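*Asks:* with the input below, show me the fold.
(one chain, ligands or ions: 1)
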Amino acid sequence: MDLKKVERVYSNYAGVYDHIFGRIFHESRESAVRNLKVVPGERILEVGVGTGLALPLYPSHVRVVGIDISGGMLKEAQERVARHGLTHIELYRMDAGQMEFSDDSFDTVMAAYVVTAVPDYRKVVTEMIRVCRPGGRIIMLNHFSNGNKLIAAVEKVISPLCKHIGFRTDLSLDTVLDGTSLLVARKEKVNPFRFWHLVECVNRKNGSAVHAH
Ligand SMILES: C[S@@+](CC[C@H](N)C(=O)[O-])C[C@H]1O[C@@H](n2cnc3c(N)ncnc32)[C@H](O)[C@@H]1O
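*Replies:* Predicted structure coming up:
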């Protein structure tokens, strides 16, 4: 799965994305944002913002920046931002694996259904850590494979298919976190089918404190 293909697949899906993924995943998307307990002025980055389904859920006293590689998805997000008059939100076309932001630019970095939808999750997670301040939060809403052999076998079969539409199913949370400065602070099973996880991590880079939020 290369970046150009990801761009093409998502841009082709952009017009129908909300109908396919909007409703099924919205309950967990909504609880992820509502449970953020943001503080006024908080700087939030949404990586792989897609059509911006979560954007209207952020309170207007935070500053939200959304990025995505797909021009088609971003166009939908832009229209949503205009429709809802969300003046606290900025959107940019950018590769999450090579972001144009300086180090420590954000307090919270959110990736909803993204880590398993990118060609190189390591690059993306490394960049999320870089642009998040020490002690900040990195939140991933995702399906992670769980080591169950039967499920793993099914996932291996499904995986190539999912790859085609932009997902992989064989990635575990341990693999994603391995060798990073991230410490899991909260992990919840969420719908659909309680098969997905909401994982909140503290960014402990540079030896930062655990309870800094
Ligand atoms: C499954 S969608 C999730 C969209 C949104 N977060 C949501 O909750 O509906 C994955 C998104 O990640 C984007 N994406 C994939 N690879 C990317 C990359 N390297 N940089 C930025 N965005 C990327 C895709 O274009 C797509 O919009």
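
*Asks:* what does the model give the residue of the chain most remote from its centre for pLDDT?
*Replies:* Farthest-out residue of the chain from its mean C-alpha position, per Cα atoms, centre = their mean: residue 150, at 27.0 Å. Residue 150 carries a pLDDT value of 72.

*Asks:* what helix or strand is it located in?
*Replies:* Under the criterion of DSSP states H and E, residue 150 resides in helix 149-164.

*Asks:* end to end, how far does stretch 76-91 reach?
*Replies:* End-to-end span of stretch 76-91 (Cα to Cα, to the nearest Å): 11 Å.

*Asks:* with stretch 86-105 instead?
*Replies:* End-to-end distance of stretch 86-105 (Cα to Cα): 21 Å.

*Asks:* any part of that stretch near the ligand?
*Replies:* Yes - using Cβ under 6 Å from any ligand atom, stretch 86-105 comes into contact with the ligand via 95, 96, 97. Glycine gets a C-beta too; all of them are placed from N, C-alpha and C.

*Asks:* can you pick the most crowded of those?
*Replies:* Ranked by neighbour count (other Cβ atoms under 10 Å), those have residue 96 at the top, with 26 neighbours.

*Asks:* list the contacts of the residue lying closest to residue 66 once chain neighbours are set aside.
*Replies:* Counting by Cβ to Cβ, 6 or more residues apart in numbering, residue 66 lies nearest to residue 49, which is 3.2 Å off, once chain neighbours are set aside. Counting by Cβ atoms under 8 Å, 6 or more residues apart in numbering, residue 49 makes contact with 55, 66, 67, 68, 73, 74, 77, 91.

*Asks:* let's see that with 6 Å instead.
*Replies:* Residue 49 makes contact with 66, 68, 77, according to Cβ atoms under 6 Å, 6 or more residues apart in numbering.

*Asks:* any chance of JSON lines for those, columns distance to the ligand?
*Replies:* What follows is these, written out as JSON lines (distance: Cβ to the nearest ligand atom, whole Å):
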{"residue": "66", "distance to the ligand": "9"}
{"residue": "68", "distance to the ligand": "4"}
{"residue": "77", "distance to the ligand": "9"}
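
*Asks:* now, those that are in helices?
*Replies:* Taking DSSP state H as the definition of helices, the contacts of residue 49 contribute residue 77.

*Asks:* neighbour-wise, which of the contacts of residue 49 leads?
*Replies:* Highest neighbour count within the contacts of residue 49, by other Cβ under 10 Å: residue 68, with 29 neighbours.

*Asks:* doesn't residue 74 make contact with that residue?
*Replies:* Yes - with contacts counted by Cβ atoms under 6 Å, residue 68 reaches residue 74, the gap being 5.0 Å.

*Asks:* what helix or strand does residue 111 sit in?
*Replies:* In this structure, residue 111 is located in strand 106-112 according to DSSP H and E.

*Asks:* follow-up on the earlier one: what about the residue nearest to residue 66, distance to the ligand?
*Replies:* Distance of residue 49 to the ligand, given as Cβ to the nearest ligand atom, to the nearest Å: 6 Å.

*Asks:* ok, residue 123 next?
*Replies:* For residue 123, the distance to the ligand - Cβ to the nearest ligand atom - is 8 Å.
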